[in-house]
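Colleague: Provided below for reference: sequence and predicted model.
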Amino acid sequence: MQMPGLYIHIPFCISKCLYCDFYSLAGKDDLIDGYVSAVVRESEKYDGMSFRTLYVGGGTPSLLGARRLARLMESLQSHLGIDRLVEATIEANPESADEDFLKAVRNMGFKRISIGVQSLDDDELKKAGRVHSSAQALKAVDVAFSCGIDNVSADVIIGLPGQTGESLDNTLRKLIGAGLTHISVYCLSIEEGTAFAACPPDDLPGDEFQALMYESVSGILKRSGFIHYEISNFALPGKECLHNLNYWRGGEYIGLGPSAASHMGGRRWKNASDLMAYIDDPAAVGFDEDIVDVETKMAEEAMLRLRLLEEGLDAGQLARRYGFNESKGLEERLNNLAGQKMLMKKGKKYKLAPGSILTSNRVFVDVIN
Ligand code: SF4
């Protein structure tokens, strides 16, 4: 049986980026110690369970600092099987990823780090409400490698206020030059409840810019040896994120922390986004369970698998797992999409057509319905 992945959410940030709608809170550092204890208490529900991958994300996990992260890891190790992980990733932001933290992280077994770079243009960073500079970002990448972390990823955003093709090109070339092994590229979208939604910047590049830049970024990265293995993710061969691959393949995972999602034993649920209630009693914090019929579950897995651009979706394999009768409707919809050239089809295998990658959400709506 495939062992699940373990995700730990760290919902603390120095300040809120102007575009961010993740569940993270700024200025709550005094709650971090209590939070670490609450995560350990929640993890006790899974006593004795072994995990294949670990991903500590956020928020800003580097805000934990080495001491609190060590306490968390040691406490988890006492009752969870996390000693034979095939991958351990931690997210960090440049301003809190100093040498002491990165050395400690490496000694704790994290060999993969995902750094929130976003841009290497200081004006763009400032306009997005990021609290680090481009120099801090490059230093964090450099120090991560020198501490022996061998898979270093950076997040990059397309469509930041004031961004130009030239500045984005410059960001990418510097990151490639710094030896990054993995790059995640996201197109900015203005989400409800964010500062940008309340007060949209007047120099936001439009959708057309994003489409052009996505093509350009993809071309630059591919020419530099990166594989475009998922809609938003590029990796040098062998450096793909195994934790996220498991998620896109419909695998099982446990999420700890407020707003963390889990998929286990055929059930899917998400903890309530309520930090105070969680610290008070993680066992009593509410959760939303996604109860769906088998056809919907299969279609949702198909949608996730289609995100994997190289691997694609094997509809025959889905039918064997979920039932041939149950899969008829899905195959019909997939064939329609292939007929419209939105998917490429070979036998029972489907992949997103290159022209549909950027508009994949439209394809996914048709896959689900
Ligand atoms: S650092 Fe990340 S999680 Fe925190 S506010 Fe900024 S985008 Fe959101």
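Modeller: Noted; the coordinates are in hand.
Colleague: so which bits of stretch 275-288 are buried?
Modeller: For stretch 275-288, burial by neighbour count (16 or more other C-beta atoms under 10 Å) applies to 275, 277-279, 282, 285. Placement of C-beta: from N, CA and C, glycine included.
Colleague: what does stretch 236-246 give?
Modeller: In stretch 236-246, counting by 16+ other C-beta under 10 Å, buried: 236, 239-246.
Colleague: can you name the two of the residues you listed that sit furthest apart?
Modeller: The two members of the buried residues of stretch 236-246 with the most space between them (C-beta to C-beta) are Leu236 and Asn246, at 19.6 Å.
Colleague: of all the buried residues of stretch 275-288, which comes closest to the ligand?
Modeller: Nearest to the ligand, judged by C-beta to the nearest ligand atom, of the buried residues of stretch 275-288 is Leu275 at 13.4 Å.
Colleague: state the pLDDT value of the closest residue to that closest one other than its chain neighbours.
Modeller: Excluding the flanking residues, the one nearest Leu275 by C-beta to C-beta, 6 or more residues apart in numbering is Pro258, at 5.3 Å. pLDDT for Pro258: 98.
Colleague: how about the residues of the stretch 101-250 of the chain near the ligand?
Modeller: Gly116 (C-beta under 6 Å from any ligand atom).
Colleague: now the stretch 101-250 of the chain against the ligand: closest residue?
Modeller: Gly116 (5.5 Å).
Colleague: do the same with the stretch 201-350 of the chain
Modeller: Taking C-beta to the nearest ligand atom, the stretch 201-350 of the chain has Ser259 as its residue nearest the ligand, at 11.1 Å.
Colleague: now that residue: which helix or strand?
Modeller: Assigned by DSSP states H and E, Ser259 belongs to neither a helix nor a strand.
Colleague: these two touch, right, it and Pro11?
Modeller: Yes. Ser259 lies in contact with Pro11 (C-beta atoms under 8 Å); the separation is 6.9 Å.
Colleague: just name the shakiest helix or strand of this structure by mean pLDDT.
Modeller: None of the helices or strands of the chain scores lower by mean pLDDT, DSSP states H and E than strand 287-289, at a mean of 92.
Colleague: so which residue is dead centre in this protein?
Modeller: Asn244 (6.9 Å; C-alpha atoms, centre = their mean).
Colleague: that one falls within a helix, correct?
Modeller: Yes. Per DSSP: H, G, I helix; E, B strand; the rest coil, Asn244 lies within a helix segment.
Colleague: for the top helix by length along the chain, buried residues please.
Modeller: Assignment by DSSP state H gives helix 207-223 as the longest helix of the chain. Of the residues in helix 207-223, 209-210, 213-214, 217-218, 220-221 count as buried by neighbour count, 16+ other C-beta under 10 Å.
Colleague: okay if I get these as TSV plus pLDDT and distance to Arg112?
Modeller: Formatted as TSV, the buried residues of helix 207-223 follow (pLDDT from 0 to 100; distance: C-beta to C-beta, whole Å):
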residue	pLDDT	distance to Arg112
Phe209	96	31
Gln210	96	28
Met213	97	26
Tyr214	97	24
Val217	97	21
Ser218	97	22
Ile220	97	23
Leu221	98	18
